[in-house]
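Enquirer: Provided below are the primary sequence and the corresponding predicted coordinates.
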Amino acid sequence: MALLFDTSAVIGMIERRSPTLIALAERANTAILVSPLTIGELEHGVIIDRGPQPAETLRLAKSSLLREFFDPDTAPRCWALLRAANGRRLGVNDSWIAATSICGGHRLVTQDARQAAAITAVDWESTPWKSPDVLHVPVGQ
């Protein structure tokens, strides 16, 4: 199973140097994946911050992490399910990143507790997908 890091996990690994996320990435027997939305969120960070750290985070993410695109046949339905089940508790980009992970059969890695709770709270038994594998790594670990 591949690991798909959301934006919070990428920032946690690169900027906050989370020992748990670094160890997870080093032990992974597969590439670490990111959604193009994560790259977009990092690009946004460069535009609004203009400091050296966001630019370095973006550079490292683009050069070392593989992009995982969502399945255009199944991800829109999964995204809609996540949005319907969670409303505004789960952001639009977070919903797309989660749908990409779920439809691709990847383990989603996040430092966002609210996102992890929202994804796992969905009644997955009544959907075409199995319950997603979400790993929440709290900030500071």
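Expert: Looks like it came in fine.

Enquirer: Check what pLDDT R88 gets.
Expert: R88 carries a pLDDT score of 82 in this model.

Enquirer: for the one 5 residues further on, same thing?
Expert: In the prediction, the pLDDT value recorded for N93 is 95.

Enquirer: check which helix or strand covers the residue lying closest to it once chain neighbours are set aside.
Expert: Nearest in space to N93, with sequence neighbours left out and distances taken as CB to CB, 6 or more residues apart in numbering, is L37 at 4.9 Å. Every C-beta, even on glycine, is put in place using the N, C-alpha and C of the backbone. When elements are defined using DSSP states H and E, L37 is found to belong to helix 36-49.

Enquirer: For that helix, which outside residues touch it?
Expert: Contact with helix 36-49 is made by 5-7, 10-11, 54-55, 57-58, 61-62, 67, 69, 93, 96-97, 100, as judged by CB atoms under 8 Å, 6 or more residues apart in numbering.

Enquirer: And the strands in this protein?
Expert: Per DSSP state E, the chain carries strands over the ranges 3-5, 32-34, 66-67, 107-110, 134-136.

Enquirer: coming back round to it: centre of the chain to the helix holding L37, how far?
Expert: What separates the centre of helix 36-49 from the centre of its chain is 14 Å, taken as CA atoms, centre = their mean, to the nearest Å.

Enquirer: Just put the strands of the chain in CSV and tack on mean pLDDT, mean neighbour count and distance to E15.
Expert: As requested, the strands of the chain are arranged in CSV below (pLDDT from 0 to 100; neighbours: other CB atoms under 10 Å; distance: least, CB to CB, whole Å):
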stretch, mean pLDDT, mean neighbour count, distance to E15
strand 3-5, 97, 27, 13
strand 32-34, 95, 24, 15
strand 66-67, 94, 12, 20
strand 107-110, 97, 24, 15
strand 134-136, 97, 18, 18
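
Enquirer: Redo these as TSV? Include distance to A117.
Expert: As requested, the strands of the chain are arranged in TSV below (distance: least, CB to CB, whole Å):
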stretch	distance to A117
strand 3-5	18
strand 32-34	22
strand 66-67	26
strand 107-110	10
strand 134-136	8
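
Enquirer: In space, what's closest to G104 - neighbours in sequence excluded?
Expert: E68 (6.0 Å).
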